[in-house]
Structure formats: structure tokens, C-alpha cells
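Peer 1: got a predicted structure plus its sequence, pasted below:
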Amino acid sequence: MARLLHRVGNPLVAAVLRSPVHGLLSDSLLLLTVRGRRTGRDHTFPVQYARDGQTLYVVPGGREDKRWWRNLLAPATVQVRLRGHDVTGIGQVFLAEDDPELVAEAMGTYLPRFPSSARIRGLTVTNGRIAEDDAQLRAASAQDAIVQIKLQL
């Protein structure tokens, strides 16, 4: 059932994000296009994002089951459809096991936008900020990966 919802839902969300009514979803969703390392084919799909200036953060939820983020183990050019505009960026994934400080800092930007994601990690969001201290944030995101996209405007 989840696979069916994914197959139907993603194209529907993508169509809305490409349409004049993108504002219904584009505050928290964007279309990300990543080129496959081996195949060279482009893959486009909707993802939740948080923005900090010219940097976007995307958490590949269920990273064990998803493979797209592996195309960004090394920095690579990506395309995003952000708030009705096509923008190029440089995307790279960071793994908590390799760079816990960077991942915790990025999660500190991402999680306040999505309090349900914070709750899943045992964290709380109060007044738009993570209530716990940095050590608790690092511990809560110790299994995470986060994609950082530096926009080229």
C-alpha cells in the first residue's frame, strides 16, 4: 500500500509544485533532481526542505530504504524547483557517523521546521527552536544523514 501511495502521490505532488498553484505546497516541499552516478539518468522527486539563507537542508527519511542520496556522497550539481523557480545548486550528503557536528548543526535548522521529525527523535520544538542542548541534538541525530544544497543564484 505504501508503495502505491508513493507511486501515485509523488507525481501528484510534483504536478502541483510545477503548477501556478505551487504555493499550496512550496513552503515546505521542493522538487529535487539528482543525476545517477552510474546511470547518468536524472531522478526528480518531492522532498521536504528547510532553508537557511542560500543553503537548503533535506533529510532523506528512511535512508536505509532510499538510494537517491548516495548520488551525493561527493558534491554534485542538482536542480531544484523552489517556490515556482528552477534553481541550480551543489548538493552533498553528510552522515552523522562521519561528521556529527555538521549534521547536528544542520538538523538544528531542519527540525524546527518539522516538529514531528523532532518528536520522532525524542526532541521538542519550543518557539521555533530545539529545546534540548547541543549534546542531546547530536545524540538524537547520530543515525541521520542530511543533504546540504548550496544554491547558485
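Peer 2: In hand now; what should we look at? A quick note: this is a predicted structure, and the numbers were derived from the prediction, not measured.

Peer 1: and the helix or strand hosting Q136, what does it pack onto?
Peer 2: Using DSSP states H and E, Q136 sits in helix 134-140. Counting contacts by 3 or more C-beta pairs under 8 Å, 6 or more residues apart in numbering; DSSP states H and E, helix 134-140 packs against helix 100-110. For every residue, glycine as well, the C-beta is placed using N, CA and C.

Peer 1: how far does the helix or strand following the helix it packs on sit from its chain's centre?
Peer 2: Downstream of helix 100-110, the first helix or strand assigned by DSSP H and E is helix 115-120. Between the centre of helix 115-120 and the centre of its chain there are 14 Å (C-alpha atoms, centre = their mean, to the nearest Å).

Peer 1: contacting residues around helix 115-120?
Peer 2: With contact meaning C-beta atoms under 8 Å, 6 or more residues apart in numbering, helix 115-120 is reached by 59, 61, 110-112, 124-125, 130.

Peer 1: nearest to I146 among those residues?
Peer 2: Nearest to I146 among the contacts of helix 115-120: V59, at 5.6 Å, using C-beta to C-beta.

Peer 1: for H22, give me phi and psi.
Peer 2: Backbone torsions for H22, taken as degrees, to the nearest 10, come to phi -60, psi -30.

Peer 1: residue ranges with poor pLDDT in the chain?
Peer 2: Along the chain, segments meeting pLDDT under 70 span 1-8.

Peer 1: go again with 90.
Peer 2: Applying pLDDT under 90 to the chain picks out residues 1-26, 37-38, 61-67, 132, 134, 153.

Peer 1: paired strands for the strand of greatest length in it, with orientation please.
Peer 2: Longest strand in the chain, counting residues (DSSP state E): strand 85-95. Applying DSSP bridges to the sheet, strand 85-95 is found paired with strand 76-82 (antiparallel), strand 145-152 (antiparallel).

Peer 1: for S19, which of those strands is the nearest?
Peer 2: Here strand 76-82 is closest among these (C-beta to C-beta), at 10.6 Å.

Peer 1: now the closest one: buried residues?
Peer 2: Buried residues in strand 76-82, counted by 16 or more other C-beta atoms under 10 Å: 78-82.
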